[in-house]
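In: pasting a predicted model and its sequence here:
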Amino acid sequence: MKPLARLDRVRQTLNAPPPAPVPGQLAVDVEEPPPVCEHGNPQCAATPTRPYVQGPRCDEHRPAVTRPYFQPRRPQP
């Protein structure tokens, strides 16, 4: 197939109307519930939360350190 013929075929496909919707299928924006605190077993499940590396946490269960402690090397005297 020549490149121009291929482009024409693609243009026809793109210009065609979309297919009819399937019965029972509806495009709606679904609101997700806010994340809950994942601390403990059973989970705390409090809201509101903040995102951390360990997962969403409430203010009571927020991690004390969120990344490894780093201290640059001091130059030797």
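Out: Received it, and whenever you're ready, just let me know what you need.
In: against D8, how distant is P18?
Out: Per CB to CB, to the nearest Å, P18 is found 20 Å from D8. Backbone N, C-alpha and C define where each C-beta goes, glycine included.
In: low pLDDT regions in the chain?
Out: For the chain, the stretches with pLDDT under 70 are 1, 65-71, 77.
In: can you rerun that using 80?
Out: Filtered on pLDDT under 80, the chain yields the residue ranges 1, 21-30, 64-77.
In: quick one: the helices in it, in order.
Out: For the chain, the helices defined by DSSP state H cover 3-15.
In: would you map the strands across it?
Out: Counting by DSSP state E, the chain forms no strands at all.
In: buried residues in stretch 16-25?
Out: Residues of stretch 16-25 classed as buried: none (neighbour count, 16 or more other CB atoms under 10 Å).
In: dump the C-alpha coordinates for it into CSV.
Out: Output of stretch 16-25 as CSV, limited to C-alpha atoms (Å, rounded to 0.1, in the frame of the first residue of the first chain):
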residue,chain,number,x,y,z
ALA,A,16,-16.1,8.7,10.6
PRO,A,17,-18.7,9.2,13.3
PRO,A,18,-18.2,7.4,16.6
PRO,A,19,-19.9,4.0,17.0
ALA,A,20,-23.3,3.9,18.8
PRO,A,21,-23.1,3.5,22.6
VAL,A,22,-23.6,0.1,24.1
PRO,A,23,-26.9,-0.2,26.1
GLY,A,24,-26.2,0.2,29.8
GLN,A,25,-22.9,2.0,29.2
